[in-house]
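Visitor: just the structure for this:
(one chain, ligands or ions: 1)
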Amino acid sequence: MRYLMTALMTCGLFLNGIRAEDKPAPAAKTWTLGMSQCNLGEPWRVQMNADIKKATEAHPELNVIYKDAQNDTLKQVSQIEEFIAAGVDVIIVSPKEAAPLTPPVAAAFEKGIPVIVLDRKVLGDKFTCFIGADNKKIGLAAGRWIAKTLGGKGNVVELMGLMTSTPGQDRNSGFREGIKGSAIKIVFDAEMKWLEPDARKEMESALARSDSIQLVYAHNDPGAHGAWLAAKAAGREKDMLFVGIDALPQEGRAYVKQGILAASFEYPTGGREAIDTALKLLKKETVEKSITLRSRVFTPATIDKDGEWLE
Ligand code: FRU
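Guide: Coordinates of the predicted model:
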């Protein structure tokens, strides 16, 4: 009996010892970030979330709640409202459309929750920080590049993103400015809403309507690839050039390497910068109202040299 008691006591002491050693440090402060992604159907958006995830790896104090709005504006509005109700510490939102997402973002901002708007803008200034590349500049560079490549003339098809989103508007107006003064004619334009199948369908109409097309400018690489698929099905893909935007290594840059795209303009996701900014906000440091990311153009001539930075 005595032996048994001694054994149990020793065991107890031993366990206590282990417990004391393993006692967790006083709970570190953790922060909750709510991230509302407008959809995860496109590789670029999957990449944005992956960039956010990678940037948080070194920060166990950050807990990110990801929500996918599945390209549904009303769903995205409710997601922001849910984040407000849950009292998250920071909201990151990559909005589907500017106008409908403006009121919930403003509501969060007015309640004192910092809001980082990523890639597509909202209206007005009731948000904490906008992060994204300059779409007007990208459109302008694309227009100038196209005018130069076509020798100042030719028939062009423009396949536009969602025109209720700011990148669609800016990539269109920048491009139109870039080709100004040239003899380039836009023989067909249509909204493909950023989606490859829609771009393919619109391109079929363009091909049916015009038998002389020298180039397709699409507001993103899935759009340019959809147009190429339509032209290929019609046996006309070698008659024209295709230009897109995004330049993901696994998408646009790969298409440039394969000779499908003549150029792809980079559109960085801003995922890493969003986390850097969130950390600053949580530490009560000041951040700029707008952070503009740089962009490169990739062509067959520059693809192996990491592209060329836009001025
Ligand atoms: C993905 C995407 C990208 C594009 C961005 C613009 O949804 O269409 O291809 O560059 O959104 O906001």
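
Visitor: use CA for all of it now, contacts and neighbours both
Guide: OK.

Visitor: where does the closest residue to the ligand within the stretch 51-200 of the chain fall, helix, sheet strand or coil?
Guide: Sorted by distance to the ligand under C-alpha to the nearest ligand atom, the residues of the stretch 51-200 of the chain start with residue 194, at 4.5 Å. Classification of residue 194 by DSSP: H, G, I helix; E, B strand; the rest coil places it in coil.

Visitor: just residue 292 next, same as before
Guide: Residue 292 carries the three-state label strand when classified by three-state DSSP.

Visitor: so how far is the ligand from it?
Guide: Taking C-alpha to the nearest ligand atom, to the nearest Å as the measure, residue 292 falls 14 Å from the ligand.

Visitor: residues touching that residue, list them.
Guide: Residue 292 makes contact with 131-134 under the criterion C-alpha atoms under 8 Å, 6 or more residues apart in numbering.

Visitor: kindly report the same for residue 147.
Guide: By C-alpha under 8 Å, 6+ apart, the residues touching residue 147 are 153, 178-179, 182, 184.

Visitor: phi and psi next, for it.
Guide: The phi/psi pair for residue 147 (degrees, to the nearest 10) reads phi -60, psi -40.

Visitor: start the count at 9 instead of 1 going forward.
Guide: Fine by me, first position is 9 from now on; the one you just mentioned is residue 155.

Visitor: what pLDDT does it get?
Guide: Model confidence at residue 155, expressed as pLDDT, equals 98.

Visitor: state the distance from it to residue 215.
Guide: Computed as C-alpha to C-alpha, to the nearest Å, the residue 155 to residue 215 distance reads 21 Å.

Visitor: give me the domain ranges for the chain.
Guide: 39-140+278-300, 143-276+308-317 (automatic domain parsing).

Visitor: comparing those, which comes out most buried?
Guide: A comparison of those by mean neighbour count, using mean count of other C-alpha atoms under 10 Å, puts domain 143-276+308-317 on top with a mean of 20.

Visitor: what sits against residue 138?
Guide: Remark: with contacts taken as C-alpha under 8 Å, 6+ apart, residue 138 is in contact with 124-127, 129, 297-299.

Visitor: hey, where'd the helices end up in this protein?
Guide: According to DSSP state H, the chain carries its helices in the segments 10-30, 51-64, 81-94, 106-118, 143-157, 174-186, 204-217, 229-241, 260-265, 279-290.

Visitor: now render those helices as a markdown table, adding distance to residue 197.
Guide: A markdown table is the format used below for the helices of the chain (distance: least, C-alpha to C-alpha, whole Å):
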| stretch | distance to residue 197 |
| --- | --- |
| helix 10-30 | 65 |
| helix 51-64 | 23 |
| helix 81-94 | 25 |
| helix 106-118 | 22 |
| helix 143-157 | 15 |
| helix 174-186 | 10 |
| helix 204-217 | 8 |
| helix 229-241 | 12 |
| helix 260-265 | 21 |
| helix 279-290 | 31 |
